[in-house]
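> make a model of this:
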Amino acid sequence: MTDNYITFRLYVPIGIMTLLIVMLFFHRHHTLKYLYIVNFFCLLAAVFVYLIFRKYPVGYEYPNLYREFYH
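Modelled structure (predicted):
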C-alpha cells in the first residue's frame, strides 16, 4: 500500500496496540489494565476505519443498487 499518511494511520497504531498488549501483560493485576483494553479497542477501530476508507474513498460515486433493482 502506498499512501502519504500510512505511517501514522496504520503502522503507528499497530505498534501502539502491540505495546498496549505488552503493558497489559505486565499490569494484569492492576486497575490500569482496563484503560489499556479500552485504548486497544479504540486504536483497533481507527485501523479498521482507515482500511475501509482506503477501499471506499469519500466522494467517489458508487452505483446505486437500490435504484437498479427497484426502478
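> what residue lies at the spatial centre of this protein?
Nearest residue to the geometric centre of the chain (CA atoms, centre = their mean): Val47, 1.7 Å.
> was I right to think that residue contacts Pro13?
Yes. Counting by CB atoms under 8 Å, Pro13 is a contact partner of Val47 at 5.3 Å. In this view, the C-beta of every residue, glycine as well, is placed from N, C-alpha and C.
> what does the helix ranked longest in the chain contact?
The single longest helix within the chain, with elements called by DSSP state H, is helix 32-55. With contacts defined as CB atoms under 8 Å, 6 or more residues apart in numbering, helix 32-55 is touched by 1, 3, 9-10, 13-14, 16-17, 20-21, 23-24, 27.
> of the residues you listed, just the buried ones, ChimeraX syntax please.
Here is the ChimeraX command that picks out the buried ones among the contacts of helix 32-55, judged by 16 or more other CB atoms under 10 Å:
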select :9,10,13,17,20,23,24
